[in-house]
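> When you get a sec, could you give me coordinates for this:
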Amino acid sequence: MGILRISGLKARDVAQAVLGKLPKPRYADYLPFNDVDGTPLDQGIALWFPGPNSFTGEDVLELQGHGGPVILDLLLKRILTLPGLRIARPGEFSERAFLNDKLDLAQAEAIADLIDASSEQAARSALNSLQGVFSARVNHLVEALTHLRIYVEAAIDFPDEEIDFLSDGKIEAQLNEVMADLDAVRAEARQGSLLREGMKVVIAGRPNAGKSSLLNALAGREAAIVTDIAGTTRDVLREHIHIDGMPLHIIDTAGLRDANDEVERIGIERAWQEIAQADRVLFMVDGTTTGAVDPAEIWPDFIERLPAKLPITVVRNKADVTGEALGISEVNGHSLIRLSARTGDGVEVLRNHLKQSMGFDTNMEGGFLARRRHLQALERGGEPSAARQSPAAGRLGRRAAGGRAAPRAAGAERDHRGVHFRRSAGPHLLQLLYRQVSFSPPSSVNVH
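Predicted structure coming up:
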């Protein structure tokens with residue numbers, strides 16, 4: 001099946017020209033699709049969605065015909081003979097839906113995320129975002145903050161009124177509840193970001209430590225060439241896998257050493273570039289060459305060159321040769337895993353460690369996908385500085401100094417944080433959705 005969608009003011013003209021009539025709204029009509037001379041090009045189902053009750057908010061005509069490229073091309077050429085029509089730009093249907101307030105920005109972004117989803121869990125979470133789960137959470141926060149602002153500003157502006165706008169501590173309790181909700185949304189957004197963007201893990205270490213063997217074990221296939229010759233891997237190798245739904249980008253790198261060979265030297269420089277951009281480094285150690293487990297003792301120069309605060313997992317390889325007990329332990333703040341990349345023993349422990357180290361939750365029913373800009377807006381909206389002393393507090397104190405409203409004003413002074421938090425957090429949260437309702441439909445029509 002092939003589908004053509006026409007959106008805009010000229011959609012009616014397309015229906016009359018190609019179908020010979022305007023179909024009944026929201027009913028499937030089986031009709032011939034006619035050429036300029038009236039001869040049928042195809043026959044299929046036509047659907048008519050008059051605006052604003054359509055995906056884009058404009059008049060939309062959908063033609064569902066046979067999916068052969070020749071048939072679709074003939075039908076498309078026929079439609080484009082009509083004046084005022086053009087091919088839609090990529091994503092333009094979603095853009096028009098956003099501009100006509102049929103979708104907010106988070107929902108529009110979710111369409112692309114749904115199309116690009118690399119796992120079932122990512123697809124389900126993207127669909128939740130498209131259906132408004134994420135937007136509803138943000139709207140709830142904005143409404144709660146607006147409610148707080150109304151009461152606090154009323155206490156500021158009308159301190160002498162007999163109406164008790166604020167009961168002692170009430171607003172602060174509500175504000176704490178809102179901030180707790182914001183923390184929960186941020187935690188879910190971090191999970192959604194992991195699900196969308198994944199985690200970048202770089203395998204690094206000396207030559208012949210078993211880095212490529214570990215890449216193959218994690219990937220479940222022979223992605224890298226493995227030999228006993230030191231320096232076999234000279235360039236960066238990338239594999240994309242999933243661990244219980246979490247995308248993982250594994251980078252195998254050239255063995256780190258002082259190299260005279262120009263090609264190997266370039267590979268080592270690329271290895272350090274990948275390390276600098278990693279979310280976590282797997283420091284691969286050949287267990288047959290050293291009994292040390294502390295990375296600073298194994299290779300101090302390597303540890304000193306690593307970016308500050310970059311998480312490291314020490315992987316002691318070749319446990320099948322050394323006879324070391326498989327498993328995971330902690331050494332000076334670093335995780336230590338003993339395994340055999342050749343046999344695969346202990347690799348599952350590493351998989352679980354990677355998932356847990358990123359805080360990934362495999363039970364995300366009702367979760368949503370999130371982008372970096374979503375996380376940034378949520379972080380800015382909940383910054384501690386949002387609750388700093390505001391001018392409202394000074395006004396409250398001055399008004400409370402000489403009137404009978406002093407007790408209420410004093411309570412409001414304690415609760416003035418709600419005003420400043422709303423003013424600082426609200427705009428950041430609204431940036432997530434950014435609705436825009438003023439849009440005039442253009443005269444051109446999109447064919448999709």
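> Check which residues of stretch 2-11 are buried.
Going by neighbour count (16 or more other CB atoms under 10 Å), the buried part of stretch 2-11 is 2, 4-8, 10-11. Yep, even glycine has a C-beta here, placed from its N, CA and C like the rest.
> ignore the last one, stretch 84-97
Those buried within stretch 84-97 under the rule 16+ other CB under 10 Å are 85, 88, 93-97.
> Just name the closest of those to V236, please.
S94 (34.9 Å; CB to CB).
> Can I take it that the closest one is in a helix?
Yes: checked against DSSP: H, G, I helix; E, B strand; the rest coil, S94 lies within a helix.
> Was I right to think it contacts I111?
Yes: with contacts counted by CB atoms under 8 Å, S94 reaches I111, the gap being 5.1 Å.
> shared neighbours of the two, anything?
L103 (CB atoms under 8 Å, 6 or more residues apart in numbering).
> Generate JSON lines for the buried residues of stretch 84-97, with distance to A126 and pLDDT as supplementary columns.
Output for those, formatted as JSON lines (distance: CB to CB, whole Å; pLDDT from 0 to 100):
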{"residue": "L85", "distance to A126": "31", "pLDDT": "93"}
{"residue": "A88", "distance to A126": "22", "pLDDT": "92"}
{"residue": "F93", "distance to A126": "17", "pLDDT": "94"}
{"residue": "S94", "distance to A126": "13", "pLDDT": "93"}
{"residue": "E95", "distance to A126": "18", "pLDDT": "92"}
{"residue": "R96", "distance to A126": "20", "pLDDT": "94"}
{"residue": "A97", "distance to A126": "16", "pLDDT": "94"}
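> From the buried residues of stretch 2-11, which land in strands?
2, 4-7 (DSSP state E).
> just the helices in the stretch 151-300 of the chain please.
Ranges of helices in the stretch 151-300 of the chain, per DSSP state H, counting those that start in this stretch, are 170-197, 211-219, 262-276, 295-298, 300-305.
> Now L378: which helix or strand?
helix 372-381 (DSSP states H and E).
> Buried ones in that helix, by neighbour count?
Buried residues in helix 372-381 (16+ other CB under 10 Å): 374, 377-378, 380-381.
> which one of these sits closest to G333?
L378 (28.7 Å).
> how far away is the closest residue to that closest one other than its chain neighbours from A126?
Leaving aside its sequence neighbours, L378 sits nearest to R186 (CB to CB, 6 or more residues apart in numbering; 4.6 Å). Note on R186: its distance to A126, by CB to CB, to the nearest Å, is 19 Å.
> do S329 as well
38 Å.
> D116 too?
D116 is 8 Å from A126, by CB to CB.
> ditto for G287
42 Å.
> do E297 as well
Taken as CB to CB, the span from E297 to A126 is 46 Å.
> what about the longest strand in the chain?
Per DSSP E, the chain has its longest strand at strand 40-49.
> Which positions within that one qualify as buried?
Neighbour count says strand 40-49 has 41-42, 44-49 buried, by 16+ other CB under 10 Å.
> Kindly calculate the angle that it makes with strand 2-7.
Taking axes from the mean of the first three to the mean of the last three CA atoms, to 10 degrees, one finds strand 40-49 and strand 2-7 inclined to each other by 50 degrees.
> which residues of the protein score low on pLDDT?
159-169, 223-234, 361-366, 382-428, 434-448 (pLDDT under 70).
> Domain-wise, how is it divided?
2-87, 196-357 (automatic domain parsing).
> For E120, find the nearest of these.
domain 196-357 (7.2 Å).
> measure that closest one end to end?
17 Å (CA to CA, to the nearest Å).
> Same check on stretch 298-308?
Counting by CA to CA, the terminal residues of stretch 298-308 are separated by 18 Å.
> again with stretch 95-113
Termini of stretch 95-113 sit 15 Å apart (CA to CA).
> Would you mark the buried spots in it?
95-100, 102-111, 113.
> re the thing from before, mind putting the buried residues of helix 372-381 into TSV with distance to F33?
Formatted as TSV, the buried residues of helix 372-381 follow (distance: CB to CB, whole Å):
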residue	distance to F33
H374	42
A377	46
L378	48
R380	51
G381	50
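> thinking again about what came up before, could you point out which of the buried residues of stretch 2-11 is nearest to N260?
The closest of these, once distances to N260 are taken by CB to CB, is G2, at 59.4 Å.
> ok, back up a step: by how many degrees do the helix holding L378 and helix 170-197 diverge?
Going by the same axes, to 10 degrees, helix 372-381 makes 160 degrees with helix 170-197.
> counting contacts, what elements does helix 372-381 pack onto?
Under the contact definition 3 or more CB pairs under 8 Å, 6 or more residues apart in numbering; DSSP states H and E, helix 372-381 sits against helix 170-197, helix 417-433.
> Kindly reformat the ones you listed as TSV containing distance to E62.
TSV is the format used below for these (distance: least, CB to CB, whole Å):
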stretch	distance to E62
helix 170-197	30
helix 417-433	28
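> The ones you listed: which one's closest to F360?
Counting by CB to CB, and looking across all of the helices and strands packed on helix 372-381, nearest comes helix 170-197 at 5.5 Å.
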